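Chemist: My questions concern the predicted model and sequence given below.
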Amino acid sequence: MTVLAGIGDEAGPGLAAQVAAIAELGWSAIELRTVDGVPFAELDEAAFDAVAATLAELGLRTVCVDSRIGDWSTSITADFGRDLEELRVLAERCGRLGTRYVRVMSYPNDGLHADEWEHRVLRRMRELAARAEQADLVLLHENCAGWAGTGADRAVRMLEEADSPALRLLFDTGNGIAYGYRSADYLRPLVPHIAHVHIKDGFVGPEGPEWTLPGHGEADVAGCLALLAENGYQGALSIEPHLTLRPHEVEQNTGTADGFIAAGRALEALLAPAGR
């Protein structure tokens, strides 16, 4: 049976709220991004020790850790050394948490010519994958910010260039709403490379993307789930509702347990007819 999980900070900033929401759903897995607003790799040792101890005590499995490597907060011209250091820290912490998966993206452009952007991205992703392989990690590239998030063909090109089992793909069902493509069309050629899935749904409103419960929007979450199931997908399904927390926006906002739990129940309802 598919493992159900959720990105904890979508349920609240503190770890207590995050694990309580997972417990309310009756799930046994969590995805970690921030704790008390602090990116996971930036937690001091005492804070990380507390997180690891709490998850171990509760028997919660960590399915993935979401890094800032190559994401919307950086660019292709930013200091690559920061990313390598974050990967080093996460390699140590993922070992203690028992997960090998680290979410990454592929660097928004910063005014470079398209060819130079591509060249630099592919070079960085090769280096990151090589280091991840040495550390026994698997980087999961999300179809979000950056060069390889703009099209399935680029995602495949990135994988071919890296040529490493330490680089695979993370598919987010809702990102097509923000980036202007049909989710199932984007997913279809990439299914063999997908190792992790984020679940969210939404529609394009008058002022841009608006987010709703899985199955209630225009992302065709049900169709994506069916496509994954038809192709034997066995990885986790991790909710990222974005109902109140939208990390890439300037305005301060926080996740809420009510929305997180409602999104989890909506996902369960989508899965129920198929018995997954």
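Modeler: Looks like it came in fine.
Chemist: The residue nearest to residue 112 when sequence neighbours are not counted: what's it in contact with?
Modeler: Closest residue to residue 112 in three dimensions, ignoring its sequence neighbours and counting by C-beta to C-beta, 6 or more residues apart in numbering: residue 76, at 6.4 Å. Just so you know, the C-beta spots here come from the backbone N, C-alpha and C atoms, and that holds for glycine as well. By C-beta atoms under 8 Å, 6 or more residues apart in numbering, residue 76 lies in contact with 107, 108, 109, 110, 112, 117, 120, 121, 124, 147.
Chemist: Can I get the helix or strand of the chain with the lowest mean pLDDT in PDB? Just the C-alpha atoms.
Modeler: Of all the helices and strands that make up the chain, strand 208-212 has the lowest average by mean pLDDT, DSSP states H and E, namely a mean of 91. Output of strand 208-212 as PDB, limited to C-alpha atoms (Å, rounded to 0.1, in the frame of the first residue of the first chain):
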ATOM      1  CA  GLY A 208      -3.000  33.800 -10.200                       C
ATOM      2  CA  PRO A 209      -3.000  30.300  -8.700                       C
ATOM      3  CA  GLU A 210      -5.400  29.600  -6.000                       C
ATOM      4  CA  TRP A 211      -5.200  26.300  -4.000                       C
ATOM      5  CA  THR A 212      -7.900  24.000  -2.800                       C
END
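Chemist: Run a quick neighbour tally on residue 200.
Modeler: Neighbouring residues of residue 200 were enumerated by other C-beta atoms under 10 Å; the total is 28.
Chemist: mind checking how far it is from residue 49?
Modeler: Summarising the geometry, the distance separating residue 200 from residue 49, computed by C-beta to C-beta, to the nearest Å, is 31 Å.
Chemist: Same check on residue 199?
Modeler: When C-beta to C-beta is applied, the distance between residue 199 and residue 49 equals 30 Å.
Chemist: ok, those two, which is more surrounded?
Modeler: Each of residue 199 and residue 49 has its neighbours counted (other C-beta under 10 Å); residue 199 has more, 29 against 12.
Chemist: Need the pLDDT of that one.
Modeler: Note on residue 199: pLDDT of 98.
Chemist: In helices, which of the contacts of residue 76 appear?
Modeler: Secondary structure of the contacts of residue 76 is defined by DSSP state H; positions in helices are 117, 120, 121, 124.
Chemist: Find the centremost residue of this structure, please.
Modeler: Among the residues of the chain, the one closest to the centroid is residue 103, at 5.3 Å (C-alpha atoms, centre = their mean).
Chemist: I'd say that one and residue 170 touch.
Modeler: Yes - counting by C-beta atoms under 8 Å, a contact exists between residue 103 and residue 170, whose distance comes to 5.8 Å.
Chemist: Show me the helices in the stretch 51-200 of the chain, by range?
Modeler: 80-97, 114-134, 152-162, 175-179, 183-187 (DSSP state H, counting those that start in this stretch).
Chemist: what residues does the last one touch?
Modeler: Read it as helix 183-187. Contacts of helix 183-187 with the rest of the structure, by C-beta under 8 Å, 6+ apart, involve 143, 151-152, 171, 173-176, 194, 219-221, 223-224, 227-228.
Chemist: Would you tell me which one of these comes nearest to residue 267?
Modeler: Sorting the contacts of helix 183-187 by how near they are to residue 267, with C-beta to C-beta, puts residue 221 at the top with 8.0 Å.
Chemist: rewinding a little: distance of the nearest residue to the residue nearest to the centre of the chain once chain neighbours are set aside relative to residue 231?
Modeler: For residue 103, the nearest residue in space outside its immediate sequence neighbours is residue 66; the separation is 4.2 Å by C-beta to C-beta, 6+ apart. Taken as C-beta to C-beta, the spacing of residue 66 relative to residue 231 amounts to 24 Å.
Chemist: now do residue 202
Modeler: Using C-beta to C-beta, one gets 24 Å for the distance from residue 202 to residue 231.
Chemist: Comparing those two, which shows the higher neighbour count?
Modeler: Looking at residue 202 and residue 231 with other C-beta under 10 Å, you find the greater number of neighbours at residue 202, namely 26 against 12.
Chemist: Now the more buried one: which helix or strand?
Modeler: With secondary structure defined by DSSP states H and E, residue 202 is part of strand 201-205.
Chemist: Note down every partner strand of that strand and its orientation.
Modeler: Taking DSSP bridges as the criterion, strand 201-205 sits next to strand 208-212 (antiparallel) in its sheet.
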